[in-house]
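A.B. asks: this one's structure only:
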């Protein structure tokens, strides 16, 4: 079984060098998220795209959500297409694979690039998942910087009092930012997806937290 993800920067023809540096940073961080996989592949392709493979079924959609949560370039949203396929891992360069599942993932990405309300796509995606990810798109694309920081720390498992101490703000202020970020709703969407696809996203959430902390201290 192979889980596939292609992420593309929307509007990249107008992007600055910072956007591409962010992609390179994501490539490195996502590589650490998949370190325990039997097989994984993460590649920042020339231009504006990340190509990701994992041996864990239905895992890359969670990578997409957590990657978008780390993505700070709101004017250039990440469009994400994910898929899982019952396929053997062929020998050779994954960049040269021509399996139908990768083509289907690419076609789904081409379709979602045209959408203003949805940043996630998957071949044969169910209606309930589509609606959940449409809501996640709205949440992720409308956070302010401070709301994103608070949501990242909360989703990473940090207590409110510790977030307050780290960011130097009152707990009531942290609570207000978290409420406005709709981080609680995003956590519910992640919980729904975890149950729907029978995936434990705990390991990737921990890895995501480490990535966010590295960004905060860099």
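C.D. replies: Done, it's in. Please read all numbers here as calculations on a predicted model, not as lab measurements. Numbering: from 1, shown residues only.
A.B. asks: so what does residue 152 have for phi and psi?
C.D. replies: With angles defined as degrees, to the nearest 10, residue 152 sits at phi -60, psi -40.
A.B. asks: swap that for residue 87, sorry
C.D. replies: phi -140, psi 150.
A.B. asks: how many neighbours does it have?
C.D. replies: Residue 87 has 14 neighbours, counted by other C-beta atoms under 10 Å. Where C-beta positions appear, they are placed from N, C-alpha and C, glycine not excepted.
A.B. asks: show me the domain layout of this structure.
C.D. replies: As assigned by automatic domain parsing, the chain contains the domains 2-125, 145-181.
A.B. asks: can those domains go into a markdown table with extra columns for mean pLDDT and distance to residue 187?
C.D. replies: A markdown table is the format used below for the domains of the chain (pLDDT from 0 to 100; distance: least, C-beta to C-beta, whole Å):
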| stretch | mean pLDDT | distance to residue 187 |
| --- | --- | --- |
| domain 2-125 | 89 | 11 |
| domain 145-181 | 96 | 6 |
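A.B. asks: what's the closest of those domains to residue 218?
C.D. replies: domain 2-125 (9.0 Å; C-beta to C-beta).
A.B. asks: chain center to the closest one, what's the gap?
C.D. replies: The chain centre lies 8 Å from the centre of domain 2-125; the measure is C-alpha atoms, centre = their mean, to the nearest Å.
A.B. asks: how near is the residue nearest in space to the middle of the chain to residue 180?
C.D. replies: The residue lying closest to the centre of the chain (C-alpha atoms, centre = their mean) is residue 64, at 2.4 Å. Per C-beta to C-beta, to the nearest Å, residue 64 is found 23 Å from residue 180.
A.B. asks: same deal with residue 22?
C.D. replies: Applying C-beta to C-beta to residue 22 and residue 180 gives a distance of 24 Å.
A.B. asks: OK, contacts around the spatially closest residue to residue 157 that is not a sequence neighbour?
C.D. replies: Nearest residue to residue 157, sequence neighbours excluded (C-beta to C-beta, 6 or more residues apart in numbering): residue 209, at 6.4 Å. Applying C-beta atoms under 8 Å, 6 or more residues apart in numbering, one finds that residue 209 lies in contact with 152, 153, 155, 156, 157, 158.
A.B. asks: mind checking the SS state of residue 57?
C.D. replies: Secondary structure, DSSP: H, G, I helix; E, B strand; the rest coil: residue 57 is coil.
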